[in-house]
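In: Next input, structure requested:
(2 chains)
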Amino acid sequence: MIRRFFLHLDLAFAYLAQFMKTRMEYKADLILGLVTGLLFQLITLVFIDVLFAKQSITINFWTKEQILFIYGFSIFPLNLFFAFFPNLYNVGSLYIIEGNFDRILLRPLNSLFQVLMEKVDIESLIGMFVGGAIICYASGELQLEWTILRLIIFLLMIVCGMFIYGGVFTAVAAFSFWWPDRVGLMAPLFNMITFGKYPVTIYNRLLQYILMWIIPFAFVAFFPSTYFLNSTEFRNYVVLIPIVALGSMTVGMIIWNLGTHHYESTGS
Amino acid sequence: MPTRPFPYTIIDGFVKYNEYMRISFHKMLAYRISYLIGIITYIIHVSVYYFLYKALYHQSSTINGYDLQQMVTYVSIGWISKSFYLNYIDRELTEEVKSGHVAMDLIKPIDFQLMYFARGLGQSLFRIVLFTPPIIVVTSCLFSISAPASPWHMLFFILSTFFSVLIYLGINYIIGLLSIFFLSISGILYSKNMIIELLSGLLIPLDWFPLWFQKISAFLPFQAIAYLPLKIYLGSLVGSELVLALILQFLWVIIIGFIGRLVWKLCQRQILIQGG
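Out: Numbering: from 1, shown residues only, chains lettered A, B, ... in the order given. Below you'll find the predicted structure:
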C-alpha cells in the first residue's frame, strides 16, 4: 500500500517534468495562458469594485472589503483545481467517446491518477498572485492579524477547497461512463462555482442547502473566509471543512471506480 | 459552379449559404443533453446575479438610477438575449484549423466569412426557436421581470438584438481566425467570453462604471452587444438617443465585418495545414 503510494508519487514527478518540457515548447501559448489567467481574475475584481461604487453599500451587511477577501480566497482553491484537475473536463470526450481510456486501463496504475496526470495546467496558478494581492489589501483594510498558525490553516483550507472541487468534478466526470456525452453536466457545475464566490447567506433556503450539503461549494471559500474574517457565526461549519473535503473526494473516487467497471470501449 | 449573370449569383449565393445555416441548425438538434443542460446553465447565471443584486439592494431602493425591479429585469433579459446572440463559430473555426479540415473549406468556391456567418446564424436560429423560449418561461416564472417600456421599445429591442447577433458573430469570427496564428487558443476563447460579459454591460450596467471607463467603452463595440439593447428594453433610450444607438450598432456590424475580412486576408498568407 505504502510502496504503491510512493510509486505514484514518483511517477507524478516524472509526468510533471515531461509536461513542463512539452509546455515550454510553445512559448507563445504559455505566455498567452498566463495573460488570460490574470485577466480572468481581474474581471471579477472589476465587477466587485463597480458593484460597490457607493461607499455605504453592503451585500446583506457584508462590506466591500469582506466580499473582496472572500473572492481573493476563492481564487486559491479554484486555481489549484484548474492546475491539477483540468483533464476531468476531457474525460467524456477524449477518454470515453474516443476510447483513450483503453490505454489507461492497460497500465498497473490507478486510472484516475493517470487521467489527472496527463494534463496539468501549472500556468493557472498565476492567478494566485492576484488572489494574494486581494487578500493582502483586504486584510490591511479590515486590520486582520496574520499569524503562523493562521497561515498554516490557510494552506490547509485551500488544499481542502481544491479537493472539494476535485471530488465533485470527479464524480461528474465519472457519470460519462454511464452516459457518454462530450461536456455534459460539467458546464453547469462549472458555472455553479460562481455561487461560491459570494456569501452563501445571500441565496434562498434551497440554494443554501444545495451549496452546503449536495454540491458543497460553500465550504470552498465562504466558510474558510469567515474564519479569517473573525466571524464566529459559522464556526461550526469551519470545523467541518476537512471532513467535507475528505468526504467529497471519497464519494468522487467511489463513483469513479464504479464507473470504470462500467466502461465499454468504443472498439474500432 | 459556372458564373451566371447577376440576379442568379445572388440566388445561388443564398442557396449555398442557406445550406450552411440548415446544417448548423440540425447539428444543434443532435445534442439533446447539451440542450437541456444549456437551459439549466442560463438559469444558474440569472440566479447568481438575481440574488447578488437582491442582497445589494437590501438597504437602498435605488442605486445609480436603477431600482431593484429594473435591475432584475436588466439581468434576466440580458441573459435571455445572450441565449440567442451567442454562437460557437470561434470554437468551430479553431477546431477546423487544428484538425486541418479548414483545407476543405478553402478549396470551395465560397466566401469564408459568409460561410461562418451563415453557420452562426443557423445556430442563432436554432436558439431563438427552441432554446430561448424555455429559458424565457422558466426565468419569468422564477423572477419577476418587467414588460418592455412599450410595444415600440420591444420592436426596437428585437431589431437591436439582431444587431447584437451580427456583432457577436463578427467578433467570434475574428477571434476564431487567431487560431491560425496561435495553435492553441482555448485560453483566449474562455477569457473572451468573460471579457465580453463584463464590457458589454451584461453583468453590470455600463453607467455604473466610473466615468473614464464609460468614455472608453463608448468607443468599443462591446456595449452594442448587451448594454444598448437592454437600455432600449428598459425604455431609458427614447427619440434621437434610440435612433443613435441603433445607428451605432449598425456601424459596428459594418466595421467588425470589414476587420474580419482584413484579418482573413492576413491569415491566407499565414495558414498552415496540419496533418495530411
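
In: Return the residues of chain A in contact with chain B.
Out: Taking Cβ under 8 Å from any Cβ of the partner chain as the criterion, chain A approaches chain B at residues A:26, A:28-29, A:32-33, A:36-37, A:39-40, A:43, A:46-47, A:50-51, A:53-54, A:56-60, A:179, A:181-185, A:187-188, A:191-192, A:194-195, A:198-199, A:202-204, A:207. Where C-beta positions appear, they are placed from N, C-alpha and C, glycine not excepted.

In: Generate a PyMOL selection restricted to the buried subset of the residues you listed.
Out: Typed into PyMOL, the line below selects the buried ones among those, using 16 or more other Cβ atoms under 10 Å in any protein chain shown:
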select buried, chain A and resi 29+32+33+36+37+39+40+43+46+47+50+51+57+58+59+181+182+183+184+185+187+188+191+192+194+195+198+199+202+203+207
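
In: Enumerate every residue touching residue B:204.
Out: If you count contacts by Cβ atoms under 8 Å, 6 or more residues apart in numbering or on different chains, residue B:204 has them with A:47, A:50-51, B:198.

In: Based on its surroundings, how many neighbours for residue A:20?
Out: Number of residues near residue A:20 (other Cβ atoms under 10 Å in any protein chain shown) recorded here: 12.

In: Identify the residue spatially nearest to residue B:59, adjacent ones excluded.
Out: Nearest residue to residue B:59 in three dimensions, chain neighbours excluded: residue A:58, at 6.7 Å (Cβ to Cβ, 6 or more residues apart in numbering or on different chains).

In: Model confidence for the closest residue to chain B within the stretch 151-268 of chain A, exactly?
Out: Nearest to chain B in the stretch 151-268 of chain A, going by Cβ to the nearest Cβ, is residue A:202, at a distance of 3.9 Å. Looking at residue A:202, its pLDDT stands at 93.

In: nearest spatial neighbour of it, skipping sequence neighbours?
Out: Nearest non-adjacent residue to residue A:202, counting by Cβ to Cβ, 6+ apart: residue B:55, 3.9 Å away.

In: What about the contacts of residue B:204, which are in helices?
Out: Mapping the contacts of residue B:204 onto helices (DSSP state H) picks out A:47, A:50-51, B:198.

In: Find the pair from those with maximum spatial separation.
Out: Maximum pairwise distance in the ones in helices among the contacts of residue B:204, criterion Cβ to Cβ, is 11.6 Å, between A:51 and B:198.

In: Now do the contacts for the residue in the stretch 1-150 of chain B that chain A sits nearest to.
Out: Relative to chain A, the nearest point of the stretch 1-150 of chain B is residue B:55 (3.9 Å; Cβ to the nearest Cβ). Contacts for residue B:55 (Cβ under 8 Å, 6+ apart) come out as A:59-60, A:198-199, A:202.

In: Check the residues you listed and tell me the two furthest apart.
Out: Across the contacts of residue B:55, no pair lies farther apart than A:60 and A:198, at 9.4 Å, counting by Cβ to Cβ.

In: show me where pLDDT drops low in the stretch 1-150 of chain B?
Out: B:1-13, B:30 (pLDDT under 70).

In: Please, where are all the helices along it?
Out: In the stretch 1-150 of chain B, the helices defined using DSSP state H, counting those that start in this stretch lie at B:6-30, B:32-56, B:68-85, B:89-99, B:102-106, B:112-126, B:132-142.

In: Could you do the stretch 51-200 of chain A as well?
Out: Here the stretch 51-200 of chain A has its helices, by DSSP H, counting those that start in this stretch, at A:64-84, A:101-105, A:111-117, A:127-142, A:148-175, A:186-192.

In: how about a markdown table for those, with mean pLDDT added?
Out: Listed next are these as a markdown table, based on pLDDT from 0 to 100:
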| stretch | mean pLDDT |
| --- | --- |
| helix A:64-84 | 94 |
| helix A:101-105 | 86 |
| helix A:111-117 | 90 |
| helix A:127-142 | 93 |
| helix A:148-175 | 95 |
| helix A:186-192 | 84 |
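
In: Near chain A, which residues of the stretch 1-150 of chain B are found?
Out: For the stretch 1-150 of chain B, the contact set with chain A under Cβ under 8 Å from any Cβ comprises B:31, B:33-34, B:37-38, B:40-41, B:44-45, B:47-48, B:51-52, B:54-56, B:58-60, B:63-64.

In: Could you tell me which of those residues count as buried?
Out: Neighbour counting with 16+ other Cβ under 10 Å marks B:37-38, B:40-41, B:44-45, B:47-48, B:51-52, B:54-56, B:63 as buried within the residues of the stretch 1-150 of chain B next to chain A.
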